[in-house]
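In: Got a predicted structure plus its sequence, pasted below:
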Amino acid sequence: MSEISRTFLFALSLVGVALAYGTASVAQTAPAAAPPGATQAESMSARLDRAYAEYHEALKRYEDAQKRVEKGREPLPGERIGLAGGGSRLRPEYFERQDELARKHDAARAKLEEARAVERVALIRDGPPGFVSPHPDP
């Protein structure tokens, strides 16, 4: 698959992600020094490939964190305690577990937003001539 086709397919995949972005600064995406003997095109391609891989890894981690939050909504054995008058209530351990799942989910989302911003900058800077991002600034 050509580099332009891969870039185009990635740009299309970004359209489906409905997250806010902008936590990464352009300074974080400064071009890496090209290895000796590498052409400018190879260096640009390497940066695009790296940004593409980092974005998809962050997306996978975010989706995994979402699944863990959804699965974690049900109390685990021992997280519910019976009341003297009947019924039950949730123990503090349940709420601590929910807070931990939420923290991990938020961290994964922040990483995804950062990777998305870095990928966007890489596509604009190193992508095909005339490339217009499918995600305009908010």
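Out: Arrived safely, thanks for sending. If you're wondering where the values come from, they're calculated on a predicted model, not measured in any experiment. Numbers count the residues shown, from 1 in each chain.
In: what residues are up against Glu54?
Out: Shown in contact with Glu54 (C-beta atoms under 8 Å, 6 or more residues apart in numbering): Ala115, Val118, Glu119. C-beta: built from backbone N, CA, C; applies to glycine.
In: What helices and strands are in contact with the longest helix along the chain?
Out: Residue-count comparison of every helix in the chain, with assignments taken from DSSP state H, identifies helix 92-126 as the longest. Using 3 or more C-beta pairs under 8 Å, 6 or more residues apart in numbering; DSSP states H and E as the contact criterion, the secondary-structure elements in contact with helix 92-126 are helix 3-15, helix 40-71.
In: And it, what's buried?
Out: When neighbours are counted by 16 or more other C-beta atoms under 10 Å, the buried residues of helix 92-126 are found to be 94, 98, 101, 104-105, 108-109, 111-123, 126.
In: can you give me the angle it makes with helix 40-71?
Out: For helix 92-126 against helix 40-71, the angle by axes from the mean of the first three to the mean of the last three C-alpha atoms, to 10 degrees is 160 degrees.
In: where does the protein dip in pLDDT?
Out: The model of the chain has pLDDT under 70 over residues 1-38, 40-41, 128-138.
In: Tell me the backbone dihedrals of Leu90, please.
Out: When quoted as degrees, to the nearest 10, the phi and psi of Leu90 stand at phi -90, psi 140.
In: what bridges to it?
Out: Arg80 (DSSP bridges).
In: Pull the contacting residues for it.
Out: Residues in contact with Leu90 (C-beta under 8 Å, 6+ apart) are Pro75, Glu79, Arg80, Ile81.
In: Please apply the same query to Arg50.
Out: Going by C-beta under 8 Å, 6+ apart, the list of residues near Arg50 reads Ala122.
In: still on that earlier bit, make a ChimeraX selection of whichever of the contacts of Leu90 turn out to be buried.
Out: One line in ChimeraX is enough to select the buried ones among the contacts of Leu90; burial here means 16+ other C-beta under 10 Å:
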select :79
